[in-house]
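Enquirer: Below is the sequence, then the predicted model.
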Amino acid sequence: MNGKPGVTQKTKEHIISIAKELNYKPNSSARSLRVSKTKMIGLIIPDIVNNFYGVIVEYVRKEVESYGYFLLLGITGSNSANEEKYINEFITRGVDGVIYIPQLKHSDIRYVEQFDECKIPYLFLTARYEELDVPYVLCDLKKGFYEMTKHLLEQGLTEIYVMVGDKKVDQPYISGFYEACREFGICPDETVIVESSFEFEAIQEVADEIFFKGPQAIMTISDIMACGVMQQARKRGIRIPEELSVTGYDDVIYSIINHIPISTVMQPIKEMCVIAVNNLMNIMKYGIVPPSVILEPKLVLRETTRD
């Protein structure tokens, strides 16, 4: 393909026909693919303190190695300078492709576009830039939060607070929350959306502020946040779920090893990683990529919410 010698016209036509059947489309970052030389795939990730990202690293590593490649890991610490450093490092090392988890609050599109300039195939995982026509694999965060909000409202809980990391970045969760509330004829004001970092001390401080307002439920955007809220509730003698319902998101190990198993929303992490690696390999080998993928979340109701 792409004018290379040794590829017959019949073979070209066969590949093109398959691509059309599967609704494949050419990818701009793969028009001038190089012959694989390094057998290295780069993964750019905000951190591994959050177990959600740690799980992603392990699944991506296993899938990459199943293709005979090695994984290079760039942990940015949600820092744009580090992000630029790893992008430049991956380009210098001549990686054959990149899976990119953007930290939307801190990332700079100009850094990302260097992959296009260097003809290095890449795609987004778990999040994306709407401004860029780049393939992605993610979960429908809005739907998951909508379903969990709806579940709480069906239990008669209306005094619900939502803990997010950043109000601008975490709009899918917030949007899902408000959509469910509207369906139940409830109009919470903006003060029910509160921000916190993912450090336990910060989570517990914010939880205390919410406790003072007398919530019936606290929804969070990660199982780590839910754990922090629950630990603080335990210190304050608040009974879960009798006096307070708490929900997480992601369904990572924190949700089941906590002193009370957490009701959460499961993201199909393994499936997302497998699809992301497979799609990247298709870009690298053929210069074409399947359509972007949005997977369905699933409610996992445990002991921190009422039946």
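Expert: On my side now, so go ahead.

Enquirer: Please make it C-alpha for all contacts and neighbour counts, starting now.
Expert: Fine.

Enquirer: Show me the helices in the stretch 1-150 of the chain, by range?
Expert: Residue ranges of the helices in the stretch 1-150 of the chain, as given by DSSP state H, counting those that start in this stretch, are 9-21, 51-66, 80-93, 109-112, 114-117, 141-154.

Enquirer: nearest to F124, of the ones you listed?
Expert: Set against F124 and scored by CA to CA, the helices of the stretch 1-150 of the chain come closest in helix 109-112, at 10.4 Å.

Enquirer: got the contact list for that closest one?
Expert: Residues outside helix 109-112 that contact it (CA atoms under 8 Å, 6 or more residues apart in numbering): E83, E84, I87.

Enquirer: quick one: which of those residues is most hemmed in?
Expert: Ranked by the number of neighbours (other CA atoms under 10 Å), the contacts of helix 109-112 place E83 first, at 25 neighbours.

Enquirer: any idea how far the residue nearest to that residue when sequence neighbours are not counted lies from P46?
Expert: For E83, ignoring the flanking residues on the chain, the nearest one in space by CA to CA, 6 or more residues apart in numbering is T76 at 5.3 Å. Taking CA to CA, to the nearest Å as the measure, T76 and P46 are separated by 5 Å.

Enquirer: again, but for V293
Expert: Distance from V293 to P46, by CA to CA: 21 Å.

Enquirer: How about V57?
Expert: Taken as CA to CA, the spacing of V57 relative to P46 amounts to 11 Å.

Enquirer: And for G54?
Expert: As defined by CA to CA, G54 lies at a distance of 10 Å from P46.

Enquirer: so who does I44 touch?
Expert: Counting by CA under 8 Å, 6+ apart, I44 has contacts L73, G74, I75, T76, E83, Y86, V98, I99, Y100, I101, P102.

Enquirer: from memory F52 sits against V252, does it?
Expert: Yes. Using CA atoms under 8 Å, F52 makes contact with V252 at a distance of 6.2 Å.

Enquirer: got any ranges where this protein has weak pLDDT?
Expert: Counting by pLDDT under 70, the chain contains low-confidence residues at 1-36, 104-108.

Enquirer: Angles on the backbone of N279, please.
Expert: Note on N279: its backbone torsions stand at phi -70, psi -40 [degrees, to the nearest 10].

Enquirer: Sorry, wrong one. I was asking about V162.
Expert: The phi and psi torsions at V162 (degrees, to the nearest 10) take the values phi -120, psi 120.

Enquirer: Look up which residues are beta-bridged to it.
Expert: Beta-bridge pairing of V162, defined through DSSP bridges, involves I193, M219.

Enquirer: Kindly provide the distance from I41 to Y173.
Expert: Shown here: I41 relative to Y173, a distance of 31 Å by CA to CA.

Enquirer: Lovely, talk soon.
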